[in-house]
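1. model this:
(chains A and B)
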Amino acid sequence: MTPELLLRQWLEGRLPADGRAWLADAAQKLRTGSDTELYRSISLVTRKIGKADLALSPAEMRQAVAAREGWNPSDWSLDQAARIYLLLASGSDGATFLRRLDQLCNTADVGELVAFYRGLPLYPDQPRYVLRAAEGIRTNMKAVFEAVAHRNPYPAEQLTEPAWNQMVLKTLFIGSTLHPIVGLDRRANPVLARMLCDYAHERWAAGRPISPELWRCVGPHASGEMLRDLGRVLEKGTDPERKAAALALTSSPDPAATGLLRAYPELSVAVSENKVSWQTLAGSV
Amino acid sequence: MRFIDPHIHMSARTTDDYERMAAAGIVALIEPAFWLGQPRTQVGSYIDYMSSLVGWERFRAAQFGIHHYCTIGLNSKEANNEALAEQVLEVLPRYLVKEGVVAVGEIGYDDQTPVEDKFYRAQLALAKEFDMLVQVHTPHRDKKSGTLRSMEVAVEMGVKPEHVVIDHNNEETVQDVLDRGFWAAFTIYPNTKMGNERMVEVARKYGSNRIFIDSSADWGVSDPLAVPKTARLMLDRGIAAKDVEAICYGNALKAFGQSGQMKEEHWLNPAPIDQRMLFEGNSVLRGQTPRVGEPTIIDRIDSVVFK
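-> Residues are numbered from 1 along each chain as shown, chains lettered A, B, ... in the order given. This next block holds a predicted model:
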């Protein structure tokens, strides 16, 4: 089933009769309707449908992944689902879709922006939305930023390396968390590792705390200077930081990393016995 | 006691103001679309301004635990640029149906020119079309006749008085506004017009039915704490707590709540999605349920605002 049909099915199963009728009517009008019709319907969604959680069941989550690989609507709300559904129902021509999406974003309220960015992986002709995604990453509104960065497969699939690196660094910079980023390990790269280490040095110089998650993207490319940074964390870091450094070192291909870790037997054992993982560390952030 | 400031231009204020407002017990505010101190020259400037009212400013307020609503409209001053005003009128419908837009406003008269009249009427017609409330800015000059005219034209255009808030009242206008069944809002200005001493006397004389106050704080000399400070003065001068609560919280909620866009549950029991997305990291609303009339908030006003 396509994401559009799935969204409709989920909404129909959850909305009261008047909400269902309004949505069906709005979607019907869009198939032939003007831009103005679309803009108005999308803005009316919160008034007509409300903002309760979509609260998908495990079976429905499996349907989501089957419809679109990597799609994760686990924390969507009804209005977000309805807005994306209406957008998808309005047509599948990429150029028209992008033009309307840009218009919608230009006059959007906060809730609409979050919905539009969460919908990125579902839009037709995927590469067209790279600049739109980059614009979402430039925002100062944390909720909007996270709509692009978190639980969204679009950035890992479409962003260039510089844009990806900026997104990861900014996630830490604004005090958000890395673990909900899709493709975080797959898109680790040496430039990002260097940027993150520089950032760690800045924070150390300012006497400010560093998220243990930072080292996750450093590990796979850690050697030389970066290993010295990880050594410093092992020596002086907080408990979660030291665990993070140990995890990072195990992902480094440099033999010197293994040597470094050997000096800390409990950490080394904890990691090798899977008592520490990025998931458990994320919970402690 | 908790407060609503139903007229304040937060785009022109700093985060210090938000902090002090939240500390003083302001849980919600309404930011009317207004002018920026100098006239705009492009329709794009209005679009960006209105987008910020429903976007950035709402987010900024949420960071301090304050619920931000707005009114959308073409103000009377800038209505006088007729060619531009026509273009603005065309984009208004894009914003009127957005979440948290509680009325068409602030609209009305400034110099009471024919062009102002034209766009006031056009926007009253929009309010009818979209089934919305209206927030009326009454003129600073020739106030009494401008206020009467605002109400007459609203009625003539078929808008119900109970759907209209007449703002910036004074002792000279309030009786007419109440007699005709409109809501009467008073702006508490630090130096001009309604001072909070005068407001205490208004409350004593006219009671608390359909009357409420706001700060109209903007880029000029103004006080974003005008509502809680006046509440405090009213209590000190012996106005009953239930009347103070009505004038500084309940009536504004009743008036603008008619829109269906502003509900007490938004701050007493916020939607989980808003709680997660917008209010993360603040200590004001984290799932706890504050109680109306909670006495500790009065203590907070004592310690935070008045000393």
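2. all contacts plus neighbour counts: C-alpha atoms, from now on.
-> OK.
3. tell me where the stretch 101-250 of chain A has helices.
-> A:110-118, A:130-138, A:142-149, A:154-158, A:161-173, A:190-205, A:225-236, A:239-251 (DSSP state H, counting those that start in this stretch).
4. and the second one, does that touch chain B?
-> If I follow you right, that is helix A:130-138. No - in terms of CA under 8 Å from any CA of the partner chain, no part of helix A:130-138 sits within range of chain B; the closest distance is 13.0 Å.
5. what packs against that helix?
-> For helix A:130-138, the packing partners by 3 or more CA pairs under 8 Å, 6 or more residues apart in numbering or on different chains; DSSP states H and E come out as helix A:142-149.
6. confidence score at residue B:282?
-> In this model, residue B:282 is scored at 44, pLDDT.
7. point me to the residue of the stretch 201-307 of chain B nearest chain A.
-> Residue nearest to chain A within the stretch 201-307 of chain B: residue B:277 (5.1 Å; CA to the nearest CA).
8. what separates the strand or helix carrying residue B:185 from the chain centre, distance-wise?
-> Residue B:185 belongs to strand B:183-187 when assigned by DSSP states H and E. Relative to the chain's own centre, strand B:183-187 is displaced by 9 Å; criterion: CA atoms, centre = their mean, to the nearest Å.
9. need the helix or strand of chain B with the lowest average pLDDT.
-> helix B:295-300 (a mean of 39; mean pLDDT, DSSP states H and E).
10. can you pull the contacts of the spatially closest residue to residue A:148 that is not a sequence neighbour?
-> Leaving aside its sequence neighbours, residue A:148 sits nearest to residue A:117 (CA to CA, 6 or more residues apart in numbering or on different chains; 5.5 Å). Residue A:117 makes contact with A:133, A:136, A:144, A:147, A:148 under the criterion CA atoms under 8 Å, 6 or more residues apart in numbering or on different chains.
11. now render those as JSON lines, adding distance to residue B:163.
-> Shown next, in JSON lines, are the contacts of residue A:117 (distance: CA to CA, whole Å):
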{"residue": "A:133", "distance to residue B:163": "41"}
{"residue": "A:136", "distance to residue B:163": "38"}
{"residue": "A:144", "distance to residue B:163": "34"}
{"residue": "A:147", "distance to residue B:163": "37"}
{"residue": "A:148", "distance to residue B:163": "40"}
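12. any stretches of the chain with poor pLDDT?
-> Going with chain A. In the predicted model, chain A carries pLDDT under 70 at residues A:284-285.
13. oops, chain B please
-> Using pLDDT under 70, chain B drops low at B:191-194, B:280-307.
14. got the phi/psi numbers for residue B:26?
-> Main-chain torsions, residue B:26, degrees, to the nearest 10: phi -80, psi 120.
15. count the neighbours of it for me.
-> Using other CA atoms under 10 Å in any protein chain shown, residue B:26 has 25 other residues around it.
16. who are the contact partners of the nearest residue to it once chain neighbours are set aside?
-> Computed as CA to CA, 6+ apart, the closest residue to residue B:26 that is not its neighbour in sequence is residue B:3, at 4.4 Å. Residue B:3 sits next to B:25, B:26, B:27, B:28, B:227, B:228, B:245, B:248, B:249 when contact means CA under 8 Å, 6+ apart.
17. go again with 7 Å.
-> B:25, B:26, B:27, B:228, B:248, B:249 (CA atoms under 7 Å, 6 or more residues apart in numbering or on different chains).
18. the last one reaches residue B:4, doesn't it?
-> Think residue B:249. Yes - Residue B:249 lies in contact with residue B:4 (CA atoms under 7 Å); the separation is 5.0 Å.
19. list the contacts of residue A:33.
-> Taking CA under 7 Å, 6+ apart, one finds nothing in contact with residue A:33.
20. how much space separates it from chain B?
-> Counting by CA to the nearest CA, to the nearest Å, the gap from residue A:33 to chain B is 16 Å.
21. neighbours around residue A:23, how many?
-> Count around residue A:23 with other CA under 10 Å applied: 24.
22. that one sits in which helix or strand?
-> helix A:17-32.
23. show me where the stretch 201-307 of chain B has strands.
-> Per DSSP state E, counting those that start in this stretch, the stretch 201-307 of chain B carries strands over the ranges B:211-214.
24. buried residues in stretch B:5-13, which are they?
-> B:5, B:6, B:7, B:8, B:9, B:10, B:11 (16 or more other CA atoms under 10 Å in any protein chain shown).
25. go on, stretch B:222-239?
-> Quick answer for stretch B:222-239 (16+ other CA under 10 Å): B:222-235, B:239.
26. sec struct for residue B:107, please.
-> strand (DSSP: H, G, I helix; E, B strand; the rest coil).
27. any idea how far it is from chain A?
-> 21 Å.
28. do residue B:108 as well
-> Applying CA to the nearest CA, the value for residue B:108 to chain A is 25 Å.
29. that residue and residue B:77 touch, don't they?
-> No - when contacts are counted by CA under 7 Å, residue B:108 is not listed as touching residue B:77 (9.1 Å).
30. and these two? Which one has more around it.
-> residue B:108 (34 against 20).
31. mind checking which helix or strand residue B:41 is in?
-> Judged by DSSP H and E, residue B:41 forms part of no helix or strand.
32. tell me, how many residues neighbour it?
-> Neighbours of residue B:41 (other CA under 10 Å): 11.
33. measure it to residue B:75 for me?
-> 14 Å (CA to CA, to the nearest Å).
34. so what's residue A:227 up against?
-> Contacts of residue A:227 (CA under 7 Å, 6+ apart): residue A:257.
35. repeat for the one 3 residues further on
-> Applying CA under 7 Å, 6+ apart, one finds that residue A:230 lies in contact with residue A:245.
36. at 8 Å what do you get?
-> With CA under 8 Å, 6+ apart, residue A:230 has these contacts: A:215, A:245, A:249.
37. look up how far residue B:58 lies from the nearest residue to residue B:29 once chain neighbours are set aside.
-> Among residues not flanking residue B:29 along the chain, residue B:5 sits closest, at 4.7 Å (CA to CA, 6+ apart). Distance from residue B:5 to residue B:58, counting by CA to CA: 14 Å.
38. show me whatever sits in contact with both of residue B:108 and residue B:77.
-> residue B:116.
39. residues contacting residue B:185?
-> Per CA under 8 Å, 6+ apart, neighbours of residue B:185: B:165, B:166, B:167, B:168, B:169, B:211, B:212, B:213, B:214.
40. swap in residue A:50?
-> So residue A:50 contacts A:78, A:79 (CA under 8 Å, 6+ apart).
41. the helix or strand that residue B:127 is a member of: how far from the chain's middle?
-> Using DSSP H and E, residue B:127 falls within helix B:114-129. Distance of helix B:114-129 from the chain centroid (CA atoms, centre = their mean) equals 20 Å.
42. close to chain A, is it?
-> No - using CA under 8 Å from any CA, helix B:114-129 never reaches chain A; the gap is at least 13.5 Å.
43. got it, and stretch B:35-47?
-> Yes - judged by CA under 8 Å from any CA, stretch B:35-47 and chain A are in contact via residue B:47.
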